[in-house]
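Undergrad: Here is the input, now give the coordinates:
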Amino acid sequence: MPTIAGLSRRTILLLALIGLVFTGLYLIMVQAPRSAAAHVESLLRGAGFSDATIGDMTLRPSGFAAKDIHLDREGYDRIGELKADLSWPVFLTTGKIGQMAVRDVNIIRTSETLAASGRQLVDALMHLPSYRLTLGNVVIDLGTQYGDLRLTAEAAVNSDSNPEDRDIKARIIAAQYQLGFDSNWEGALRRDGTLELAAKLEGGRLNFGPLQISRFNGWMGLDIAGTDYSFQSQMEAGGAKFFDIPLQNVTLVNDHRAKTASVIARAGISGMKDVLFTADYSREGDNPAFIAALKGDGLGSLLDYVEESTGQPKTLRPALEQAGRFNGTLTYQPERGFVGGPLPFSVGMTVEDGNMLNGTLLFYPENFDVRGSLETDADMVGALKDYFKIPSSSIRQNFIRLDGNSRRLLRFEEKKD
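TA: Have a look, this model is predicted:
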C-alpha cells in the first residue's frame, strides 16, 4: 500500500478538496443553523424573553431568517419573522452580523407590567451589537382599567454616528375609539446606559370614561438613567367634553419620576369665561395627593348653561338660580382607602364665602359608581333634589345619599323613586 508520502500531488489536492467540501457541508448543514438559532435565542433572552422558541430557521447565502418565534410559553407574544444579513465566514468565526430586520411582532401587556418591559428593552438595546436593527409592524395590546388599547410601532436602531451609542428613531400610532394619536420619536441610548427620547404628538383624540377630546397635540420626553427616570409631557386641545359639558383651552402637563410625580390639568367651560376647572395630582414616594376644583362667578348661571348644553330640561329653584360666586373641591383621602378598593374623596362647595355643602364619597373607577353622602341646608337640599332628579328615598333631612352611577347623575337622566 502506498504511503502518504508516496501519493501524487494531484491525489493530495483532491483529498484536501474533498475534506474542504465535507467541512463546508458540515458548517452549512449543521453548524450554521445551530449558530444562527443560538444567536437569535441569546438576543431574545437578553431582551427578557427567556422562554423564546424558534418555529422555523431558513439559511440564505447572505444570511438567515427565523420565523414563527414564540416569546413566551403560552404563545401570546410572538415574532413573525426575523432576518439577518451577514457574511457566513465572518459570522461563524466571530458571530458578527451586518444588520437585522424584525417584522410582525405581537406583544400583550397590562399598564402594570409595561414599565418592567420597558426596562428590559433598554437593557437589551444597551447590549445590542453595533449593527443596524429595524422593527416593522410591531403591535402592542395594552390592557388598562379603561379598556384594551392597541399601539402599532416601527423603529430603527443604529450606531452610525458613534459605535458606542444607539441612535433611535421610531413612530408609534394609536388608532381606536378610546385613544388615537400619531407620534414620531428621536433620541439615543448612550454608552453609559442613559436613554434620551423625545416625541411630537399630532392628531390626538381621547375617549376615556366621561372625558372626550376630539383633537390634541403636544410633546413627550423620556429619560432613563439606571433606576432613575423621568417622563414628561404636555398636551393641549382647543375643545373637549366632560360628561357632555363642553370644555375649552384644555392643557395637561405631566412629570413622572422614580420617586415623585405630578399631573396638572386646566380647562375652561366653553361659553363661560369666568369658570375654571383645575385638577392637580402629586406623589412623593408612596404618598399620593389629588385635588380638583371648579370655581366661577355665578353658580346659577353655570347650571343654567349646563342645562342648555346638554339639552336636558331642569328645575332650577331660587336657592340655586341666585347662587353667585362659588368654589367646589374634590380631595382624595388616601388614608381612608385600601389597595384594590374604591377611591375615597371629600367633597366641599362654598357659595359667596359660605358653606353650601360638604361630605364624603367612594368612587369605583371600573364602572364610575359612587357611594357616599352630602350634607347641606334645608333650602339647598330641595333645590339639588329637583335639579339632579335625586329620588326622595335618597334624602334624609339635610343629607343626600349617593348610591349609583356618576354618569347618570351628571347627565341628568331620570331615576324613579
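
Undergrad: Could you measure from V157 over to L197?
TA: 12 Å (CB to CB, to the nearest Å). (Glycine included, C-beta is placed from N, CA and C.)

Undergrad: Find residues that contact each of the two.
TA: Overlap of the contact sets of V157 and L197 (by CB atoms under 8 Å, 6 or more residues apart in numbering) consists of I168.

Undergrad: so who does the closest residue to N254 other than its chain neighbours touch?
TA: Nearest residue to N254, sequence neighbours excluded (CB to CB, 6 or more residues apart in numbering): S233, at 4.5 Å. S233 makes contact with 218-221, 252-254 under the criterion CB under 8 Å, 6+ apart.

Undergrad: which residues of the stretch 201-350 of the chain score low on pLDDT?
TA: 209, 243, 310-311 (pLDDT under 70).

Undergrad: so which strand or helix has the residue nearest to N254?
TA: Using DSSP states H and E, S233 sits within strand 228-242.

Undergrad: would you put the C-alpha positions of that strand in PDB?
TA: Presented in PDB, the C-alpha positions along strand 228-242 are these (Å, rounded to 0.1, in the frame of the first residue of the first chain):
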ATOM      1  CA  ASP A 228     -33.900  56.900  37.800                       C
ATOM      2  CA  TYR A 229     -36.200  58.000  35.100                       C
ATOM      3  CA  SER A 230     -38.400  61.000  34.100                       C
ATOM      4  CA  PHE A 231     -41.300  61.000  31.800                       C
ATOM      5  CA  GLN A 232     -42.700  64.500  30.900                       C
ATOM      6  CA  SER A 233     -45.400  65.500  28.500                       C
ATOM      7  CA  GLN A 234     -47.600  68.400  27.600                       C
ATOM      8  CA  MET A 235     -50.800  68.200  25.600                       C
ATOM      9  CA  GLU A 236     -53.200  70.900  24.600                       C
ATOM     10  CA  ALA A 237     -56.600  70.900  23.000                       C
ATOM     11  CA  GLY A 238     -58.900  73.700  21.900                       C
ATOM     12  CA  GLY A 239     -62.100  71.800  22.900                       C
ATOM     13  CA  ALA A 240     -63.300  68.800  24.800                       C
ATOM     14  CA  LYS A 241     -66.300  67.400  26.700                       C
ATOM     15  CA  PHE A 242     -66.600  66.100  30.200                       C
END
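
Undergrad: just so I have it, where are all the helices in the stretch 101-250 of the chain?
TA: Remark: helices assigned in the stretch 101-250 of the chain by DSSP state H, counting those that start in this stretch are 114-126.

Undergrad: in it, which spans are strands?
TA: Assigned by DSSP state E, counting those that start in this stretch, the strands in the stretch 101-250 of the chain fall at 132-144, 147-158, 166-175, 179-189, 195-208, 211-225, 228-242, 245-257.

Undergrad: Partner strands of the following helix or strand past the last one and their direction?
TA: Sequence order places strand 260-269 as the next helix or strand after strand 245-257, per DSSP H and E. In the sheet containing strand 260-269, its partner strands are strand 245-257 (antiparallel), strand 272-284 (antiparallel), by DSSP bridges.

Undergrad: Buried residues of strand 260-269, list them for me.
TA: Neighbour-count burial for strand 260-269, with 16 or more other CB atoms under 10 Å as criterion, is recorded at 261-263, 265, 267-269.

Undergrad: Can you verify my assumption that D274 contacts D297?
TA: Yes. With contact defined as CB atoms under 8 Å, D274 counts as touching D297 (4.2 Å).

Undergrad: Now S42: phi and psi?
TA: For S42, the backbone dihedrals (degrees, to the nearest 10) come out as phi -60, psi -40.

Undergrad: re earlier: can you tell me how far the residue nearest to N254 is from K259?
TA: For S233, the distance to K259 - CB to CB - is 18 Å.

Undergrad: where do the helices sit along the stretch 301-417 of the chain?
TA: With DSSP H, counting those that start in this stretch as the criterion, the stretch 301-417 of the chain has helices spanning 318-321, 378-388, 406-410.

Undergrad: could those helices go into a markdown table alongside distance to R166 and mean neighbour count?
TA: Listed next are those as a markdown table, based on distance: least, CB to CB, whole Å; neighbours: other CB atoms under 10 Å:
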| stretch | distance to R166 | mean neighbour count |
| --- | --- | --- |
| helix 318-321 | 61 | 18 |
| helix 378-388 | 56 | 17 |
| helix 406-410 | 46 | 17 |
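
Undergrad: among those helices, which is nearest R73?
TA: Relative to R73, the nearest member of those by CB to CB is helix 406-410, separated by 40.6 Å.

Undergrad: any idea of the mean pLDDT for that closest one?
TA: The average pLDDT within helix 406-410 is 64.

Undergrad: Report the buried residues of stretch 343-355.
TA: 343-351.

Undergrad: With just CA atoms, put it into CSV.
TA: Extracted as CSV, the C-alpha positions of stretch 343-355 are listed here (Å, rounded to 0.1, in the frame of the first residue of the first chain):
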residue,chain,number,x,y,z
LEU,A,343,-61.1,55.7,45.9
PRO,A,344,-62.2,57.9,48.9
PHE,A,345,-62.8,61.6,48.4
SER,A,346,-64.0,64.5,50.5
VAL,A,347,-66.4,67.0,48.7
GLY,A,348,-67.0,70.6,49.5
MET,A,349,-68.5,73.7,48.0
THR,A,350,-68.8,77.3,49.1
VAL,A,351,-71.1,80.0,47.7
GLU,A,352,-70.3,83.7,48.5
ASP,A,353,-67.8,82.6,51.2
GLY,A,354,-70.4,80.5,52.9
ASN,A,355,-70.6,76.6,53.1
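
Undergrad: Now tell me what touches it from outside.
TA: 299, 323-334, 336-337, 356-365, 372, 374.

Undergrad: The host helix or strand of H39 to strand 132-144, inter-axis angle?
TA: According to DSSP H and E, H39 maps onto helix 32-46. Here the directions of helix 32-46 and strand 132-144 differ by 50 degrees (axes from the mean of the first three to the mean of the last three CA atoms, to 10 degrees).
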